[in-house]
Each structure stands twice: as structure tokens, then as C-alpha cells.
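Undergrad: Quick one, structure for this:
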Amino acid sequence: MPPRIALDQLAEEISLVDAVGLAYPAPLADIASALMRGLPYLVECAKELVPFLCHNLRQRLHSHGFRGAYVDGRPAPPGRG
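TA: Numbers count the residues shown, from 1 in each chain. Next up, the predicted model:
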């Protein structure tokens, strides 16, 4: 039986990045683990998830000294080129 949580203990709002992290904790942990060991990892997912997946992975790996960039092929926004 799943744990019961009182209504007043629930978050009123959650970010999309956090929602993706909560929806896919095991796959994100597997990806982060493989990347920390220097292994390549191919991810197949809906393209709408990609920015949130990358942000979540960047947060997980940053504490381990890893840095990364999200490259999507679009021109950089003004002032960031």
C-alpha cells in the first residue's frame, strides 16, 4: 500500500525540471551513473523532455565536477553568441 500524505503537506507548485526528475528517477540515475564512469549513453525520449532531462542531468553531475552544454542546433539567443 502506498504511503499516505496529508493534503497540507503536498507542494502547491512544482517545476517542470523537478516533475521530470520525479517521474523518471531510475533512468536518470542510470544515465548519470554511466556518464560519471565515462561511458556513453544513448537516450530515446520525446523531444519535449530533452531540455528538462538535460537540466536534471546537469544538476546531478555538477556536484561531481562534471560540466556539460545543451546543444540543439538553433542559433544562440542575442547576447549569448
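
Undergrad: Please count neighbours and contacts with C-alpha atoms only from this point.
TA: Noted.

Undergrad: Mind telling me what element the spatially most central residue of the chain is part of?
TA: The centroid of the chain falls nearest to residue 56 when counting by Cα atoms, centre = their mean (2.2 Å). Residue 56 belongs to helix 50-62 when elements are defined using DSSP states H and E.

Undergrad: try residue 32
TA: Secondary-structure assignment from DSSP H and E places residue 32 in helix 25-36.

Undergrad: quick one: contacts of that helix?
TA: Defining contact as Cα atoms under 8 Å, 6 or more residues apart in numbering, one finds that helix 25-36 is touched by 21, 40, 41, 53, 56, 57, 60, 61, 64, 66.

Undergrad: can I get those residues in TSV with pLDDT?
TA: Listed next are the contacts of helix 25-36 as TSV, based on pLDDT from 0 to 100:
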residue	pLDDT
21	91
40	92
41	91
53	92
56	93
57	93
60	90
61	92
64	89
66	88
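
Undergrad: quick one: which of these is most hemmed in?
TA: Ranked by neighbour count under the definition other Cα atoms under 10 Å, the contacts of helix 25-36 are headed by residue 53 with 21 neighbours.

Undergrad: what mean pLDDT does the helix holding residue 32 have?
TA: Along helix 25-36, the predicted confidence averages to a pLDDT of 94.

Undergrad: So for it, what gets flagged as buried?
TA: Under the neighbour-count criterion of 16 or more other Cα atoms under 10 Å, helix 25-36 has 28, 31, 32 buried.

Undergrad: What separation do you get for the first one and residue 72?
TA: According to Cα to Cα, to the nearest Å, residue 28 and residue 72 sit 20 Å apart.

Undergrad: How about residue 60?
TA: Computed as Cα to Cα, the residue 60 to residue 72 distance reads 20 Å.

Undergrad: Likewise for residue 18?
TA: Using Cα to Cα, residue 18 is found at 21 Å from residue 72.

Undergrad: Between these two, tell me which one has more neighbours.
TA: For residue 18 against residue 72, the residue with the higher neighbour count under other Cα under 10 Å is residue 18, and the figures read 13 against 9.
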